[in-house]
Every structure is written in structure tokens, then in C-alpha cells.
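Visitor: starting from these lines, generate the structure:
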Amino acid sequence: QVQLQESGPNLVKPSQTLSLTCTVSGGSRTTDYYYWGWIRQPPGKGLEWMGAVAYDGSTYYNPALKSHISLSRDTSQNRVSLQTDSATPDDTAVYYCALFKFDSTWRGDYWGQGTQVTVSS
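Guide: Below is the predicted model of the structure:
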């Protein structure tokens, strides 16, 4: 059974770095064939796909966020990380870790429970 668990601070001050980590467990080698990444949902808004990392480390970003975020994947630790530089209140959202397939669009097959991150002074 594949499980994803997000971890990181729930409160970040503006201009600080927002860093989240997701640990993937279960699924044996099946999860290797997925892209590991992040989706977020700001309050009162829809889901926003942020980016994903392939097993070989290739990264794929939402063009609107590309200059603002960085993703990395540690296959030895079964972790995928998200870093957002110079966080602003617009980065306030529930952040979900997910395992994706890509077939003309990104499809999240496995999701974490999500973690609330608030950017505020």
C-alpha cells in the first residue's frame, strides 16, 4: 500500500524559504515509475499543479512557478522535496505531495493527506 506523508513548518514568515518534504512508503518498486511532485490549493481556489521529478532526477515545473520553486528527489531515502524561495502570502495553501503519471496531462494517482502552510508575519 503506497503512502505519502508531508512534513515541514506550518508557518513561514514572508521572504523566508518554505521547505517541505514528502516521504513515500509501500509499493515496492512500483513507485519508481511515477513522477513525484507537489500540488497546492490556496484558500478559496482550485488545485494548482506545481511540478514533478522523474526517477532520473529530471524536473518539470508549472511555468508560472518555475522561477520561484525547486524540486528534488532522493531515491535512496524515498523522499521528494519542495523549496519555495522568498515566500509571500500568496504561497499560503494546503500542499499535497503526489505521485503522477503523465498522459497529455498530469494525473495524480497517489496523494498525501496535505499540510497547511501559512505565510504570515
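Visitor: against residue 64, how distant is residue 83?
Guide: Residue 83 is 17 Å from residue 64, where distance means CB to CB, to the nearest Å. For glycine as for every other residue, the C-beta is placed from the backbone atoms N, C-alpha and C.
Visitor: pick out whichever of those two has more residues nearby.
Guide: A count of neighbours by other CB atoms under 10 Å puts residue 83 above the other of residue 83 and residue 64, at 14 against 10.
Visitor: wasn't the more buried one part of a strand?
Guide: Yes: counting by DSSP: H, G, I helix; E, B strand; the rest coil, residue 83 is located in a strand.
Visitor: checking residue 16 next. Helix, strand or coil?
Guide: Under three-state DSSP, residue 16 falls in the coil class.
Visitor: equivalent analysis for residue 63, please.
Guide: Classified using three-state DSSP, residue 63 is coil.
Visitor: tell me which residue lies nearest the centroid of the chain.
Guide: Nearest to the mean C-alpha position of the chain, counting by CA atoms, centre = their mean, stands residue 38 at 2.3 Å.
Visitor: for that one, what are phi and psi?
Guide: phi -140, psi 150 (degrees, to the nearest 10).
Visitor: what bits of this structure have low per-residue confidence?
Guide: Across the chain, the ranges flagged by pLDDT under 70 are 28.
Visitor: alright, I will stop here.
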